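*Asks:* Sequence and predicted model, in that order:
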Amino acid sequence: MNSEEKKLYDLAVEHLDTAYAPYSKFHVSAALLTESGKITTGVNIENAAYGSTICAERVAIFNYVNQGLTNDPIKCLLITGNTSRPISPCGSCRQVMAEFMQADTKIVLTNAKGDYKEATLADILPYYFTDGDLVDGRNK
Ligand SMILES: O=c1ccn([C@H]2C[C@H](O)[C@@H](CO)O2)c(=O)[nH]1
Ligand SMILES: [Zn+2]
(Lines give C-alpha, C1' and ligand atoms only; values in the text may rest on other atoms or scores of the structure.)
(Ligands and ions follow the chains in the order given, each with its own letter.)
Protein backbone atom coordinates (compact mmCIF):
# COMPACT_ATOMS: atom_id res chain seq x y z
CA MET A 1 0.00 0.00 0.00
CA ASN A 2 1.33 3.45 -0.87
CA SER A 3 0.74 6.49 1.34
CA GLU A 4 -2.49 7.49 -0.46
CA GLU A 5 -3.87 3.99 0.03
CA LYS A 6 -2.80 3.99 3.67
CA LYS A 7 -4.88 7.15 4.10
CA LEU A 8 -7.90 5.38 2.55
CA TYR A 9 -7.22 2.41 4.84
CA ASP A 10 -7.15 4.54 8.02
CA LEU A 11 -10.35 6.29 6.97
CA ALA A 12 -12.13 3.03 6.13
CA VAL A 13 -11.11 1.40 9.43
CA GLU A 14 -12.23 4.53 11.30
CA HIS A 15 -15.65 4.28 9.62
CA LEU A 16 -16.18 0.55 10.30
CA ASP A 17 -18.19 1.38 13.43
CA THR A 18 -20.64 3.40 11.34
CA ALA A 19 -21.85 0.29 9.49
CA TYR A 20 -25.55 -0.39 10.09
CA ALA A 21 -25.48 -4.17 10.39
CA PRO A 22 -27.77 -5.24 13.25
CA TYR A 23 -28.70 -8.49 11.47
CA SER A 24 -25.38 -9.89 10.28
CA LYS A 25 -23.22 -7.99 12.82
CA PHE A 26 -20.73 -7.96 9.95
CA HIS A 27 -19.27 -4.51 9.45
CA VAL A 28 -17.74 -3.51 6.12
CA SER A 29 -16.28 -0.17 5.10
CA ALA A 30 -14.97 1.17 1.78
CA ALA A 31 -13.16 4.31 0.67
CA LEU A 32 -12.28 5.46 -2.82
CA LEU A 33 -9.87 8.04 -4.16
CA THR A 34 -10.29 9.95 -7.43
CA GLU A 35 -7.56 11.11 -9.79
CA SER A 36 -7.99 14.70 -8.53
CA GLY A 37 -7.67 13.62 -4.89
CA LYS A 38 -11.32 13.49 -3.80
CA ILE A 39 -12.38 10.76 -1.39
CA THR A 40 -15.76 9.17 -0.80
CA THR A 41 -16.60 6.48 1.75
CA GLY A 42 -19.33 3.94 2.40
CA VAL A 43 -20.41 1.33 4.94
CA ASN A 44 -22.89 -1.51 4.61
CA ILE A 45 -26.48 -0.60 5.43
CA GLU A 46 -28.81 -3.49 6.26
CA ASN A 47 -32.57 -3.72 6.37
CA ALA A 48 -35.13 -5.89 8.18
CA ALA A 49 -36.14 -6.90 4.64
CA TYR A 50 -32.71 -8.46 4.11
CA GLY A 51 -32.73 -8.08 0.34
CA SER A 52 -32.86 -4.30 0.70
CA THR A 53 -29.38 -4.33 2.24
CA ILE A 54 -26.58 -2.54 0.40
CA CYS A 55 -22.86 -3.25 0.64
CA ALA A 56 -20.20 -0.75 1.68
CA GLU A 57 -18.54 -0.80 -1.74
CA ARG A 58 -21.71 0.26 -3.54
CA VAL A 59 -22.42 3.00 -0.98
CA ALA A 60 -18.92 4.45 -1.59
CA ILE A 61 -19.39 4.29 -5.39
CA PHE A 62 -22.94 5.69 -5.31
CA ASN A 63 -21.70 8.46 -3.03
CA TYR A 64 -19.08 9.24 -5.73
CA VAL A 65 -21.84 9.40 -8.38
CA ASN A 66 -24.13 11.40 -6.12
CA GLN A 67 -21.39 14.00 -5.60
CA GLY A 68 -21.17 14.54 -9.37
CA LEU A 69 -17.65 13.13 -9.60
CA THR A 70 -18.03 10.78 -12.57
CA ASN A 71 -15.74 12.94 -14.75
CA ASP A 72 -13.00 12.51 -12.14
CA PRO A 73 -11.91 8.89 -12.61
CA ILE A 74 -11.59 6.53 -9.67
CA LYS A 75 -7.92 5.84 -8.98
CA CYS A 76 -8.32 3.33 -6.19
CA LEU A 77 -11.02 1.62 -4.15
CA LEU A 78 -10.14 0.14 -0.76
CA ILE A 79 -12.34 -2.19 1.27
CA THR A 80 -12.00 -3.42 4.84
CA GLY A 81 -13.81 -5.68 7.28
CA ASN A 82 -13.17 -7.70 10.42
CA THR A 83 -12.39 -10.79 8.37
CA SER A 84 -9.37 -13.04 8.90
CA ARG A 85 -8.39 -12.73 5.23
CA PRO A 86 -8.61 -9.47 3.26
CA ILE A 87 -12.30 -9.01 2.45
CA SER A 88 -13.50 -9.87 -1.04
CA PRO A 89 -16.40 -7.96 -2.62
CA CYS A 90 -19.62 -9.68 -3.69
CA GLY A 91 -20.58 -10.16 -7.35
CA SER A 92 -23.11 -7.31 -7.40
CA CYS A 93 -20.49 -4.85 -6.16
CA ARG A 94 -17.98 -6.11 -8.73
CA GLN A 95 -20.47 -5.41 -11.52
CA VAL A 96 -21.13 -1.89 -10.15
CA MET A 97 -17.35 -1.36 -10.03
CA ALA A 98 -17.26 -2.33 -13.73
CA GLU A 99 -19.70 0.50 -14.48
CA PHE A 100 -17.60 3.23 -12.88
CA MET A 101 -14.03 1.95 -12.94
CA GLN A 102 -11.54 0.81 -15.59
CA ALA A 103 -10.15 -2.70 -16.02
CA ASP A 104 -6.84 -1.55 -14.53
CA THR A 105 -8.29 0.49 -11.65
CA LYS A 106 -6.65 -0.52 -8.40
CA ILE A 107 -8.61 -2.31 -5.71
CA VAL A 108 -7.10 -2.90 -2.29
CA LEU A 109 -8.72 -5.67 -0.27
CA THR A 110 -7.85 -5.43 3.42
CA ASN A 111 -8.88 -6.50 6.88
CA ALA A 112 -8.84 -4.53 10.12
CA LYS A 113 -5.67 -6.39 11.24
CA GLY A 114 -3.73 -4.77 8.42
CA ASP A 115 -3.46 -7.71 5.99
CA TYR A 116 -4.00 -6.62 2.42
CA LYS A 117 -4.14 -7.81 -1.15
CA GLU A 118 -3.74 -5.54 -4.17
CA ALA A 119 -5.67 -6.25 -7.37
CA THR A 120 -7.28 -4.59 -10.36
CA LEU A 121 -10.91 -4.76 -11.44
CA ALA A 122 -9.95 -7.15 -14.27
CA ASP A 123 -8.25 -9.44 -11.73
CA ILE A 124 -11.38 -9.83 -9.65
CA LEU A 125 -13.95 -9.66 -12.47
CA PRO A 126 -12.52 -11.05 -15.70
CA TYR A 127 -14.61 -11.05 -18.91
CA TYR A 128 -17.18 -8.65 -17.49
CA PHE A 129 -20.30 -7.34 -19.23
CA THR A 130 -20.07 -3.69 -20.29
CA ASP A 131 -22.04 -1.00 -22.10
CA GLY A 132 -20.09 -1.95 -25.26
CA ASP A 133 -21.73 -5.38 -25.22
CA LEU A 134 -25.12 -3.74 -24.78
CA VAL A 135 -24.64 -1.70 -27.97
CA ASP A 136 -23.33 -4.69 -29.96
CA GLY A 137 -26.15 -6.96 -28.96
CA ARG A 138 -29.07 -4.58 -29.59
CA ASN A 139 -31.85 -5.59 -31.98
CA LYS A 140 -31.54 -3.49 -35.15
O1 LIG B 1 -17.84 -7.25 0.39
C2 LIG B 1 -18.83 -7.19 1.14
C3 LIG B 1 -19.45 -8.33 1.67
C4 LIG B 1 -20.55 -8.17 2.48
N5 LIG B 1 -21.01 -6.91 2.78
C6 LIG B 1 -22.15 -6.74 3.70
C7 LIG B 1 -23.50 -7.05 3.18
C8 LIG B 1 -24.23 -7.45 4.46
O9 LIG B 1 -24.64 -6.26 5.15
C10 LIG B 1 -23.16 -8.09 5.30
C11 LIG B 1 -23.16 -9.61 5.26
O12 LIG B 1 -23.13 -10.08 3.96
O13 LIG B 1 -21.93 -7.60 4.80
C14 LIG B 1 -20.40 -5.79 2.28
O15 LIG B 1 -20.81 -4.66 2.58
N16 LIG B 1 -19.36 -5.97 1.44
ZN1 LIG C 1 -21.34 -6.27 -2.35
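*Replies:* Arrived safely, thanks for sending. Residues are numbered from 1 along each chain as shown. Ligands and ions are numbered 1, 2, ... in the order given.
*Asks:* Please work out the average pLDDT along stretch 68-75.
*Replies:* Average pLDDT, stretch 68-75: 98.
*Asks:* same check, this time on stretch 20-31
*Replies:* Rounded mean pLDDT across stretch 20-31 is 98.
*Asks:* So for that stretch, what gets flagged as buried?
*Replies:* Neighbour counts using 16 or more other C-beta atoms under 10 Å place 21, 27-31 of stretch 20-31 among the buried residues. Every C-beta, even on glycine, is put in place using the N, C-alpha and C of the backbone.
*Asks:* got the residues of the chain near ligand 1?
*Replies:* Listed as neighbours of ligand 1 in the chain under the rule C-beta under 6 Å from any ligand atom: 21, 24, 26, 28, 44, 46, 53, 55-57, 87, 89-90.
*Asks:* hang on, the earlier thing: just the closest of the buried residues of stretch 20-31 to residue 107, please.
*Replies:* Lowest distance from residue 107 to the buried residues of stretch 20-31 (C-beta to C-beta) belongs to residue 30, with 9.9 Å.
*Asks:* who does that closest one bridge with?
*Replies:* residue 42, residue 79 (DSSP bridges).
*Asks:* just the helices in this protein please.
*Replies:* Listed in chain order, the helices found in the chain under DSSP state H are 3-15, 56-66, 91-100, 121-124, 131-136.
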